[in-house]
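Colleague: got a predicted structure plus its sequence, pasted below:
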Amino acid sequence: MNDLDPLASFASLRTPEGRALLDAARGTEPAQELAVATRLRRDHPAPLVTAVLAQTRLRQRAAAKFGAEDAERMFFTPNGVEQSTRTSVATYRAERFGALGVRSVADLCCGIGGDAIALARAGIRVLAVDRDPLTVAAARANADALGLADLIEVREADVTEVATEEYDAVFVDPGRRGGRGRIFDPEAYSPPLSWAVGAALKAPRAALKIAPGVPHEAIPAEAEAEWISDGGDVKEAVLWFGTEPGLVRATLLPGPRELRGRGLPDPSVRPLGRYLYEPDGAVIRAHLVAEVAEELDGGLLDETIAYVTADGLRPTPYATAYEITDQLPFNVKKLKALLRERGVGILTVKKRGSAVEPEELRRKVKPQGPNSATVFLTRVAGAPTMLVGHPA
């Protein structure tokens with residue numbers, strides 16, 4: 001085996017010797033790697049041991065996305081771990097495809113197969129396509145490892161040359177990373193968003209995964225736009241075709257909980273009430289803060305800031321509520337004195353519309369004491385402001 005050949009190195013992991021070593025290396029901590037590598041190299045080729053330990057590290061990283069049980073059986077590439085869809089999100093999407101009556105999907109730019117796995121587990125037949133040989137090898141290995149090879153056909157090809165007419169739906173997850181990191185221009189995706197939209201419009205149903213920060217003006221009129229968060233973290237945006245053109249929605253996992261846009265005007269700015277609500281990131285990205293403000297009978301602290309304020313406490317899955325006890329003009333010394341007076345040693349700092357970094361503020365105020373508080377660095381009616389409170 002040539003340790004410079006990624007494909008040969010990957011193939012070695014699937015041999016009986018490679019699988020045995022993967023079992024033996026399971027659970028190896030970083031501090032143990034040198035000792036484990038030294039021991040294993042006594043009886044096994046050094047390149048194989050190196051590949052096994054690298055795969056073990058990837059499996060450990062992947063556990064957060066795929067769960068430990070699946071991650072320990074699957075095969076990963078560094079890019080695959082970084083770019084693959086979290087299982088909870090992929091499962092939600094597969095269930096939505098199923099609810100739309102979809103029984104077969106062409107998964108274009110399939111990566112290591114995260115979405116294909118979720119689709120297959122939902123009983124949907126999948127053609128999984130990618131042009132990178134190593135990525136294709138990983139996707140094929142994962143279909144085998146999870147017992148889904150009967151439902152997942154993995155093909156190495158340029159997705160722009162693949163015929164998809166026989167499938168009920170198309171799913172496209174274009175590459176959004178280049179040599180310099182994340183790509184923000186949708187036309188610089190690989191393949192470009194315009195190509196993916198064209199492919200979607202030819203299919204009965206389609207979903208295109210895009211970056212959550214996509215400009216709303218880049219969304220085609222034929223698409224429904226959905227922003228998805230999981231545990232409060234925004235994970236992705238998806239353009240759906242063949243569903244409800246023009247609809248904008250925020251979907252919160254677990255749940256799912258769904259907030260649908262109603263085309264409301266921007267909320268009015270009002271004075272600070274007793275409560276501040278921090279909308280979920282998917283709500284903000286979907287431009288649905290107005291829908292949340294209406295639900296809470298609230299308004300904005302500042303016309304450019306996505307914080308909602310209201311006099312009453314109303315439970316909502318779409319925003320986190322804080323009771324505000326103090327409003328200060330931006331003044332670190334006054335804040336430090338207030339926190340010392342309250343005995344605050346556990347300080348959470350949130351910011352929106354402020355150039356001050358939370359860690360910088362925390363160093364300056366040096367919180368000490370048994371109590372906790374949350375500080376919001378923001379603007380109120382245009383003025384830099386500090387709000388102090390606690391979760392309601």
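Modeller: Nice, I can see it.
Colleague: Lys235 against Thr87, yeah?
Modeller: No. With contact defined as Cβ atoms under 8 Å, Lys235 does not count as touching Thr87 (11.3 Å). To be clear about C-beta, it is placed using only N, CA and C from the backbone, and glycine gets the same treatment.
Colleague: what about the helices in the protein?
Modeller: 6-13, 16-25, 33-40, 46-66, 68-71, 78-83, 87-99, 114-121, 133-145, 193-201, 281-285, 289-296, 332-342, 358-365 (DSSP state H).
Colleague: give me whichever of the ones you listed is most buried.
Modeller: Among those, ranked by average contacts under mean count of other Cβ atoms under 10 Å, first place goes to helix 114-121 (a mean of 26).
Colleague: for Val105, which residues make a bridge with it?
Modeller: Bridge pairing for Val105 (DSSP bridges) gives the partners Val126, Ala169.
Colleague: burial of it, as a residue count?
Modeller: Here the count is done by other Cβ atoms under 10 Å, and Val105 has 28 residues near it.
Colleague: need the helices of the chain in JSON lines with distance to Thr309, can you?
Modeller: Below are the helices of the chain laid out as JSON lines (distance: least, Cβ to Cβ, whole Å):
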{"stretch": "helix 6-13", "distance to Thr309": "54"}
{"stretch": "helix 16-25", "distance to Thr309": "53"}
{"stretch": "helix 33-40", "distance to Thr309": "51"}
{"stretch": "helix 46-66", "distance to Thr309": "35"}
{"stretch": "helix 68-71", "distance to Thr309": "42"}
{"stretch": "helix 78-83", "distance to Thr309": "38"}
{"stretch": "helix 87-99", "distance to Thr309": "31"}
{"stretch": "helix 114-121", "distance to Thr309": "39"}
{"stretch": "helix 133-145", "distance to Thr309": "47"}
{"stretch": "helix 193-201", "distance to Thr309": "37"}
{"stretch": "helix 281-285", "distance to Thr309": "15"}
{"stretch": "helix 289-296", "distance to Thr309": "9"}
{"stretch": "helix 332-342", "distance to Thr309": "20"}
{"stretch": "helix 358-365", "distance to Thr309": "21"}
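Colleague: can I get those helices in CSV with distance to Phe184 and mean pLDDT?
Modeller: Output for the helices of the chain, formatted as CSV (distance: least, Cβ to Cβ, whole Å; pLDDT from 0 to 100):
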stretch, distance to Phe184, mean pLDDT
helix 6-13, 29, 93
helix 16-25, 37, 94
helix 33-40, 36, 91
helix 46-66, 23, 95
helix 68-71, 30, 95
helix 78-83, 15, 90
helix 87-99, 21, 97
helix 114-121, 22, 98
helix 133-145, 23, 97
helix 193-201, 12, 92
helix 281-285, 14, 97
helix 289-296, 22, 97
helix 332-342, 34, 95
helix 358-365, 24, 93
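Colleague: so which of those helices is nearest Arg274?
Modeller: The closest of these to Arg274 is helix 289-296. By Cβ to Cβ, the value is 11.9 Å.
Colleague: list the helices and strands the closest one packs on?
Modeller: Judged by 3 or more Cβ pairs under 8 Å, 6 or more residues apart in numbering; DSSP states H and E, the packing partners of helix 289-296 are strand 257-260, strand 275-279, helix 281-285, strand 299-300, strand 308-310.
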